[in-house]
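[1] Return atomic coordinates for the entry below.
(2 chains)
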Amino acid sequence: MTKPSDMALTHREYLNKVSKTPHAKKLKLALISSEDNSVTLKLPFSDEIIGDPINRIVHGGAISSLVDTACGAAVFLTQNNLRAFATLDLRIDHIRAANSGEDIYATAECYRLTHTIAFVRATVFTDNISNPIAASIATFMRSNKQFPVN
Amino acid sequence: MTLTEQIKDLKSRCDYSSIVDLIPYAKFIGIETSMVGEQLISGLRFLDSNIGNPAIPALHGGVLAGFMETAALLHLIWENEPAKIPKVIDFSIDYLRPAVAASTYSNCKIVRLGNRVALCDIFIWQDDIQQPIAKARVHFLMSENLPLDS
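    Presented below is the predicted three-dimensional model:
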């Protein structure tokens, strides 16, 4: 059952909350779209998040943060309330490198939600989701506490 | 200077902290390195911008993933002085305990170093090395196959 206090925020508002935690703000993550059980976030290219200075390629860690945040947002959308959860595990396969300077997008889909666990998969891409740069899978343990609204 | 020359130069000057200057993302999340015994050890100093859940407050899961991947990368290039920054192939993390707003330390082990691929295990901890907050494994590409002649 969704509690009345959870109903005060629309989907888009609480997805925006998740993409505005301090680290998400530092990475300048932006919510691009959300539908059904899936969410797309954008990680803008920046010199600060380069991992390979010779080829000027974005570090895998910045992509991990993008994916973790997108997966979390997909869980919020799917459970339709602000119950908190903790990441249990996350795996990323880096299929190919993005070109330097390209913005990076992650589309995450929560494909199964139990009372305790949320199962999520994500695809990371630049211009075309059918030519991804990374594929990811994550699980989250759900709690009965509420995620902070501020 | 090539990467190999840069690492040799740092070693010759006993400069164990400037290697993070090679990787912008390492500085972005606040990684610092030092020599402990014979090992280069990476630490993550606490930064407000690394918070993922402001209520606890807890560090962002993506930052921890980025820290562990970078710690493994720095350990690997320090030990092996490669000509190029190894590329991450895949990365997998298990979260064990909440990461509070405090300094975090890493322990890396190269499980297997081949001609083409290296496998590293990493764990991170905060106040007690016996109570790790996350463990991860990562494969790096050290050098690529040459295309087969037809």
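
[2] ranges for the strands of chain A?
    Remark: strands assigned in chain A by DSSP state E are A:30-35, A:38-43, A:50-52, A:57-58, A:83-94, A:104-113, A:117-125, A:134-146.

[3] what's the angle between the longest one and strand A:104-113?
    Think strand A:134-146. Here strand A:134-146 runs at an angle of 60 degrees relative to strand A:104-113 (axes from the mean of the first three to the mean of the last three C-alpha atoms, to 10 degrees).

[4] Find the nearest non-adjacent residue to residue 138, please.
    This is for chain A. A:Leu90 (4.2 Å; C-beta to C-beta, 6 or more residues apart in numbering or on different chains). Using the backbone N, CA and C atoms, a C-beta is placed for each residue, glycine as well.

[5] Please refer instead to chain B.
    B:Phe91 (4.6 Å).

[6] ok, so what distance separates the one you found from B:Ala102?
    According to C-beta to C-beta, to the nearest Å, B:Phe91 stands 24 Å off from B:Ala102.

[7] ok, the two, which is more surrounded?
    Ranked by neighbour count (other C-beta atoms under 10 Å in any protein chain shown), B:Phe91 and B:Ala102 place B:Phe91 first, with 28 against 11.

[8] tell me how far the helix or strand hosting that one is from the chain's mean position?
    Secondary structure from DSSP states H and E places B:Phe91 in strand B:87-95. Centroid displacement of strand B:87-95 relative to its chain, using C-alpha atoms, centre = their mean, to the nearest Å, is 11 Å.

[9] Specify the angle between the longest helix along chain B and strand A:83-94 in degrees.
    Counting residues, the longest helix found in chain B (DSSP state H) is helix B:61-80. Angle, helix B:61-80 to strand A:83-94, by the same axes, to 10 degrees: 30 degrees.

[10] Helix B:61-80 and chain A in contact?
    Yes: using C-beta under 8 Å from any C-beta of the partner chain, helix B:61-80 comes into contact with chain A via B:Gly61, B:Gly62, B:Val63, B:Ala65, B:Gly66, B:Phe67, B:Glu69, B:Thr70, B:Leu73.

[11] Centre of the chain to that helix, how far?
    For helix B:61-80 - counting by C-alpha atoms, centre = their mean - the centre lies 1 Å from the chain centre.

[12] Repeat that for stretch B:103-113.
    Worked out by C-alpha atoms, centre = their mean, stretch B:103-113 lies 7 Å from the chain centre.

[13] Name the residues of it that are buried.
    B:Thr104, B:Tyr105, B:Ser106, B:Asn107, B:Cys108 (16 or more other C-beta atoms under 10 Å in any protein chain shown).

[14] ok, the residue nearest to A:Ser65 when sequence neighbours are not counted - contacts?
    Excluding its sequence neighbours, the residue lying closest to A:Ser65 (C-beta to C-beta, 6+ apart) is B:Gly62, at 2.6 Å. Listed by C-beta atoms under 8 Å, 6 or more residues apart in numbering or on different chains, the contact set of B:Gly62 reads A:His23, A:Gly61, A:Ala62, A:Ser64, A:Ser65, A:Leu66, A:Val67, A:Asp68, A:Thr69, B:Gly52.

[15] Test my guess that the last one contacts B:His60.
    Right, the one you point to is B:Gly52. Yes: if you go by C-beta atoms under 8 Å, B:Gly52 and B:His60 touch, sitting 3.0 Å apart.

[16] Which one's more surrounded, those two?
    B:His60 (27 against 24).

[17] Low-confidence bits of the chain, can you list those?
    Picking chain A for this. By pLDDT under 70, the weakly predicted segments of chain A are A:1-14, A:148-150.

[18] To clarify, I was referring to chain B.
    If you take pLDDT under 70 as the line, chain B has these spans: B:150.

[19] what's the distance between the residue nearest the centre of it and B:Ile23?
    Nearest residue to the geometric centre of chain B (C-alpha atoms, centre = their mean): B:Ala71, 1.3 Å. Relative to B:Ile23, B:Ala71 is positioned 11 Å away (C-beta to C-beta).

[20] check contacts around the residue in chain B that chain A sits nearest to.
    Residue nearest to chain A within chain B (C-beta to the nearest C-beta): B:Gly66, separated by 2.0 Å. Applying C-beta under 8 Å, 6+ apart, one finds that B:Gly66 lies in contact with A:His59, A:Gly60, A:Gly61, A:Ala62, A:Ser64, A:Ser65, B:Tyr25, B:Ile29.

[21] I am finished for the moment; much appreciated.
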